[in-house]
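1. give me a model of this one.
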Amino acid sequence: MEINDLTPAEEQVWRAFPLGESVDFRTTEDEDVALGSGWGPERTVRAEVLRALLLNGPQEAGEIASLSLAGARISGRLDLQYATIDHPVRLRYCHFDEVPRCYAARLRELNLGDSVLPGLTAHAMRVDGVLRLTRARFSGLVRLAGAKIAGSLYLEGTEIIAPDEEQPVLQLNQAAIGDDLRATGLRTQGQIRLSGASVAGSVNLNTAHLSHPGDSAIDAEVLVVEGNFLLRLARVEGWVGLRGARIAGRLDLSYTSLSNPGGSALLAGSSTMGELWLREGPPVTGNFVLHSAQIDVLWLEPTMLPDQVSLTSLAYTSLTPHIPAARRLTMLERDTEGYVPHAYEQLAAAYRRVGDDYSARTVQLAKQRRLRGTLRWYNRIWGYVQDATVGYGFRPLRACGWLLSLLAIGALTYGLHHPHALKASEAPHFNPVFYTLDLLLPVISFGQEEAFAPNGWYQYLAYALIITGWILATTVVTGVTRTVSRQ
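-> Numbering: from 1, shown residues only. This next block holds a predicted model:
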């Protein structure tokens, strides 16, 4: 392209390129770039001119060439498919008439911050530095699937509004990001696809507003994040999919509104995380799926949990904050699978690891009661007996209470009405307390039971004490055996 073919605005950009100088056509710093379609020729640059500069532009000895343009209207399509660009490209506060095409291109750095674009096609693009789309506004799809970015990807304050598109509005599936994905304040209408992507740093979506009601707002199946996945103070309409994801740090959903009525709000089955934080926010609307997930630290406030959860085979090492077991048990009662024994074992183990044996026993007792509800009516009888007497062995002091009550009843009754001696000449002195103990304790004998025999209904009372004693002894042994085996 000859310089004589350029407009004055294009000539200014052409002369600044080899010197690495910036060209800024803005009249004010706060002008609205969305109105750029009405900008005249004095600040319009053809896309073909930019392409010619980047591919074969003039060079100046001793200078580092770069394209740095602000406040321009880019007419036509900027087509850099398969191109190798050795110069930094900074097109800020620009209005693009057509979707830039950077498929399989290789660039040093690309900065489209604060610009307005109808979309971006950059599948399999490679950026040796950083890719900045900060505060850019897109009215179409942003295609970055399979992109390889050596540095960070910046999407802070970016807006991608393409509600009529059936495809994901932000496509980062199979992308590889060498540092952070920084997207605080990101706003989207449609799906963000991160499936199969890898991020060497952290993903930061704090204060984002992601809207795709009834469908996936984030689809990040088998995503790999070496740092944290931050989604704090955010608003998500639709479900967040993290099936099979691996997050080395924490998934932080603190202060965030997750809403997907009638469906799942979080799908994180079979995922692996260092920590999961769900605290100090409104209750989740929708199912909360963590089945088969593995988490080191689970920070979970029961007030944020929805009415339905799926915790089958969920494994975690510690559970915070430390609150009474009764508040945690409501979480297990909401499981869509019904009675899940593993969930109770995990919760009890978490309490034991912090030395709260009482809460651990409370959870185990709740487990036995929940199990009893799944049995047939005739199989529940023995469970009711164990529960009422010793709390399935987790409340052993109840047996002492029963024994003392029965001992008092027997001692009082037989103290007022002595049973007759079988052999008066050989019988020891009658003691109502030890006689009752002889009836209640199936192993220990004080010699009273063999020497005296009650009559009438006092004999039936003796039979009742013997049977009750055997039941108490059996339930105590059963409970102690269960407790010892778990220890």
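2. okay, CA-based contacts and neighbour counts for the rest of this
-> Fine.
3. pLDDT below threshold where in the stretch 1-150 of the chain?
-> 1-4 (pLDDT under 70).
4. rerun that using 90 as the cut-off
-> For the stretch 1-150 of the chain, the stretches flagged by pLDDT under 90 are 1-5, 29-30, 57-63.
5. helices of that one, start to end?
-> 8-16, 47-56 (DSSP state H, counting those that start in this stretch).
6. next one: the stretch 251-400 of the chain
-> 325-333, 341-353, 357-372, 381-390, 397-416.
7. switch those helices over to CSV; also include distance to Leu19, mean pLDDT and mean neighbour count.
-> Converted to CSV, these look like this (distance: least, CA to CA, whole Å; pLDDT from 0 to 100; neighbours: other CA atoms under 10 Å):
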stretch, distance to Leu19, mean pLDDT, mean neighbour count
helix 325-333, 64, 85, 17
helix 341-353, 64, 87, 19
helix 357-372, 71, 81, 19
helix 381-390, 85, 67, 18
helix 397-416, 87, 78, 17
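8. can you tell which of those is closest to Glu63?
-> Ranking those by proximity to Glu63 (CA to CA) places helix 341-353 first, at 63.2 Å.
9. gap between stretch 293-312 and the chain center?
-> 7 Å (CA atoms, centre = their mean, to the nearest Å).
10. now do the same end-to-end measure for it.
-> For stretch 293-312, the first-to-last residue distance is 9 Å (CA to CA, to the nearest Å).
11. what does stretch 91-99 give?
-> Taking CA to CA, the first and last residues of stretch 91-99 lie 14 Å apart.
12. can you list contacts of that stretch?
-> Residues from elsewhere that reach stretch 91-99 (CA atoms under 8 Å, 6 or more residues apart in numbering): 33-34, 36-37, 67-78, 111-121.
13. distance of Ala453 relative to Ala411?
-> Noted for Ala453: a distance of 15 Å to Ala411, by CA to CA.
14. ok, which of the helices of the stretch 251-400 of the chain comes nearest Thr312?
-> Among those, helix 341-353 sits nearest to Thr312 (CA to CA), with 6.6 Å.
15. and that closest one, what does it pack against?
-> The contact analysis (3 or more CA pairs under 8 Å, 6 or more residues apart in numbering; DSSP states H and E) places helix 341-353 against strand 315-320, helix 357-372.
16. list the buried residues in the shortest one.
-> Of the residues in strand 315-320, 315-319 count as buried by neighbour count, 16 or more other CA atoms under 10 Å.
17. which residues touch the nearest residue to Ala349 once chain neighbours are set aside?
-> Using CA to CA, 6 or more residues apart in numbering and skipping the chain neighbours, the partner closest in space to Ala349 is Ala360 (6.9 Å). Going by CA under 8 Å, 6+ apart, Ala360 touches 325, 347-352.
18. again, 6 Å this time
-> 348, 351-352 (CA atoms under 6 Å, 6 or more residues apart in numbering).
19. follow-up on the earlier one: could I get the helices of the stretch 251-400 of the chain as JSON lines with distance to Asp296?
-> Formatted as JSON lines, the helices of the stretch 251-400 of the chain follow (distance: least, CA to CA, whole Å):
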{"stretch": "helix 325-333", "distance to Asp296": "18"}
{"stretch": "helix 341-353", "distance to Asp296": "11"}
{"stretch": "helix 357-372", "distance to Asp296": "19"}
{"stretch": "helix 381-390", "distance to Asp296": "34"}
{"stretch": "helix 397-416", "distance to Asp296": "35"}
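20. what about the nearest residue to His87 once chain neighbours are set aside, distance to Val23?
-> Spatial nearest neighbour of His87, chain neighbours left out: Ser66 (5.1 Å); criterion: CA to CA, 6+ apart. Noted for Ser66: a distance of 11 Å to Val23, by CA to CA.
21. those two: which is more packed in?
-> Remark: of Ser66 and Val23, Ser66 carries more neighbours, 23 against 20, as counted by other CA atoms under 10 Å.
22. so that one makes contact with Arg15?
-> No. Counting by CA atoms under 6 Å, Ser66 stays clear of Arg15, with 11.0 Å between them.
23. before we move on, the earlier item: against Ala16, how distant is the residue nearest to Ala349?
-> Distance, Ala360 to Ala16, using CA to CA: 72 Å.
24. likewise Leu412?
-> For Leu412, the distance to Ala16 equals 109 Å [CA to CA].
25. returning to what we had before: tell me who's in contact with the residue nearest to His87.
-> 17, 20, 87-88.
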